[in-house]
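Student: could you look at this predicted model? Sequence included:
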Amino acid sequence: MVLLPTWMILAIPLLSFIINGLFVRRFSGHLAAKIGTIAIGFNFLFSLALAYYFFQSGELSTLEWHTEWLRFQSNLIIHIGVMIDPLSAMMLVVVNTISFFVHIYSLGYMHDDEGVGRFFSYLSLFTFSMLGLVVAPNLFQMYVFWELVGVSSFLLIGFYYTKPSAVSAAKKAFIVTRFADLGFLIGILLLGYLGLSVNQGQISSVYSPLDFLFLNNPDVGLQLASSGLLTTGLLLIFIGAAGKSALFPLHIWLPDAMEGPTPVSALIHAATMVVAGVYLVARLFPLFNLAPVALEVVSWVGLFTSLFAAVIACTQDDIKRVLAFSTLSQIGYMIFALGVASDLYPLGYTASLFHLFTHAFFKALLFLGAGSIIHAVHTNDVWQMGGLKKYMPITHITFLVAVLSISGIFPFSGFFSKDEILTAALESGHMTHYLVGLFVALLTSFYMGRIYFLTFWGQSRSHENASHHPHESTWVMTLPLVLLAILALSSGWLPFANYLWFAHKHDHHSLNMTVAFSGTLAAIIGLSSAWFLYSKNNFSKVQKIQTGMGQAYQIIKAKFYFDELYLFVTHKIVFNKIAGPIAWFDKKVVDGGVDLTGEMSQTFGQKLTLIQTGQVQNYIIWFIVGFITVLTLYYNTVL
């Protein structure tokens, strides 16, 4: 039996944000940090208990609380509430676990920051926003919290508001995702126009098109679903998902989001903002299953993003930006896995969410480990590190666990989830997706091995002459690293598919030895190549390779100049060619017309002042003149 009402899962972080944001942080930032951490810790335990109760009940049903929010007509009522089903229960555990560990870690990382109270207030708001999105019982509530996630990310990315690059990054993230969210909103309205149910419980309770529930006549609904309007609506919604998850070509905001504090990067990349797009597509998967064209677009966008980001990650020097592009690549993995899934081959759905689950732990571990490193050496550049394993043993071991996990080495969690994605692509007949996914796995292990060896192996390249050597972080920062390392090692062993909402229809897939062997071989090749090139301080081979690649290497390192392309399109085309003429029309025609009316009224009023002098003598003269004029006209008319 659940001891607390499910709405408490939202109320706790919201109260933490209000109390800390309005009151506590004004007189004690450190007290606000402790209150925020305790609140999220309670939420973490509550989510574990709720998930345990839900899954142990033996029923894959929905536990829901809701109340009326908006009433437009007697048959159009929007509710706000909390819906707990297997998908949202899993996400509750992920979000609260990562958020709790990030809060603990931040107690040490942000201890000396003047804005520590404000930081923890924003963290509570961010957690509240993502939890509201996860448990939303309908698309309208999801959209509201979707936008709150955007606001929260804006506040946290731009946390250092006196730093121009941070302000620019926050605006960039906010604007790019707002354009994408417009597509999401139009898609929701289009689904409503088609008569499709926007209730999450109805959408999620089905898997086959024959089972789908509509607000109106089911036969009419199925006919509409087979039309191009459903595909259009789902593609518009996918644009919103692509913006939040930074899929190509809306990926440009995510690397710049590294300007925020490192714990924020861990939270955004592992459990909140960028996985929201994956969650949205998974939540609406029964609808995508009705529109094969939309699902095909999803698969190819995800596949290209995974390859595109992995290639760029191999050339970046900022450790956080390497991890940012790694997130792009892994999110692409999840998206293309959803794209290759279907009613006949559902493994892609399971594999995508399984990878989301395991990725949350090892990616949070990577970012928090990077934060521990930066905290010790005061630089993000991997070429200015080296030899840190003897100074930071805990950070070194836990970071290595995360590297091996994301690389797909047995028995770490990434091995199981990555191989399920490759198996899903292979067994569903998507050979191109399988081969590209295998190559991305090789690149992943290479660029992760690259930053690992450059950071921890060899000799120091920056602090050998420093007055003090780097040292291990405090226990409040290393404890979350150890706990996340345990989860990165063990989470892949969970019978994950047994907890999904269609598991009663499909058995869990066994390990495909062909895929396991090829994936492990790719990981070993990538790690071995990184060891050969970067494990020692002699980088002559690396320089030869870069020289041999010529201009291609510079293009890749410049991220294929997509930022410059966006700037060109924005300034030269949108501002000059489109916005410029519109601004001229608005200023000269619209504003000019209004200004002309005012000027005419002013001129006419000035002329009237010649008559309206306020002198009685003038009024008598005008009266006499007017009277004589009227009599003269009347006399002429009569004659």
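Tutor: Structure received.
Student: just confirm Gly81 is within a strand.
Tutor: Yes: using DSSP: H, G, I helix; E, B strand; the rest coil, the assignment for Gly81 is a strand.
Student: can you pull up the bridge partners for it?
Tutor: His66 (DSSP bridges).
Student: my guess is it contacts His66. True?
Tutor: Yes: assessed by C-beta atoms under 8 Å, Gly81 is found in contact with His66 at 2.7 Å. Just so you know, the C-beta spots here come from the backbone N, C-alpha and C atoms, and that holds for glycine as well.
Student: what do these two both touch?
Tutor: Here Gly81 and His66 have Pro137 as joint contacts, going by C-beta atoms under 8 Å, 6 or more residues apart in numbering.
Student: okay, buried residues for the helix or strand containing Arg450 please.
Tutor: Here Arg450, judged by DSSP states H and E, is contained in helix 431-456. Using 16 or more other C-beta atoms under 10 Å as the test for burial, helix 431-456 gives 433-434, 436-456.
Student: packing partners of it?
Tutor: Counting by 3 or more C-beta pairs under 8 Å, 6 or more residues apart in numbering; DSSP states H and E, the packing neighbours recorded for helix 431-456 are helix 292-313, helix 319-339, helix 393-407, helix 413-427, helix 513-534.
Student: now that helix: mean pLDDT?
Tutor: Averaged over helix 431-456, pLDDT sits at 95.
Student: immediately after that helix, which helix or strand?
Tutor: That would be, after helix 431-456 and using DSSP H and E, helix 475-490.
Student: show me where pLDDT drops low in the stretch 501-639 of the chain?
Tutor: Applying pLDDT under 70 to the stretch 501-639 of the chain flags the ranges 501-510, 638-639.
Student: repeat that for the chain.
Tutor: Using pLDDT under 70, the flagged stretches of the chain are 1-4, 57-63, 73-76, 195-227, 462-468, 496-510, 638-639.
Student: for Gly117, see how far away Pro261 is.
Tutor: Distance from Pro261 to Gly117, counting by C-beta to C-beta, to the nearest Å: 14 Å.
Student: which stretches in the chain count as strands?
Tutor: 63-73, 76-84 (DSSP state E).
Student: hang on, the earlier thing: between the helices and strands packed on helix 431-456, which one is closest to Ile12.
Tutor: helix 319-339 (27.4 Å; C-beta to C-beta).
Student: and the closest one, what does it pack onto?
Tutor: helix 253-256, helix 262-270, helix 273-283, helix 292-313, helix 347-377, helix 413-427, helix 431-456.
Student: so how far is it off the chain centroid?
Tutor: 11 Å (C-alpha atoms, centre = their mean, to the nearest Å).
Student: what of stretch 545-558?
Tutor: Using C-alpha atoms, centre = their mean, the offset of stretch 545-558 from its chain centre is 30 Å.
Student: neighbouring contacts of that stretch?
Tutor: Contacts to stretch 545-558, defined as C-beta under 8 Å, 6+ apart, come from residues Val311, Ile312, Cys314, Thr315, Gln316, Leu533, Tyr561, Glu564.
Student: go again with 10 Å.
Tutor: Applying C-beta atoms under 10 Å, 6 or more residues apart in numbering, the contact partners of stretch 545-558 are Val311, Ile312, Ala313, Cys314, Thr315, Gln316, Asp317, Leu533, Phe539, Tyr561, Glu564.
Student: and these, which of them are buried?
Tutor: Buried, going by 16+ other C-beta under 10 Å: Val311, Ile312, Ala313, Cys314, Thr315, Gln316, Leu533, Phe539, out of those.
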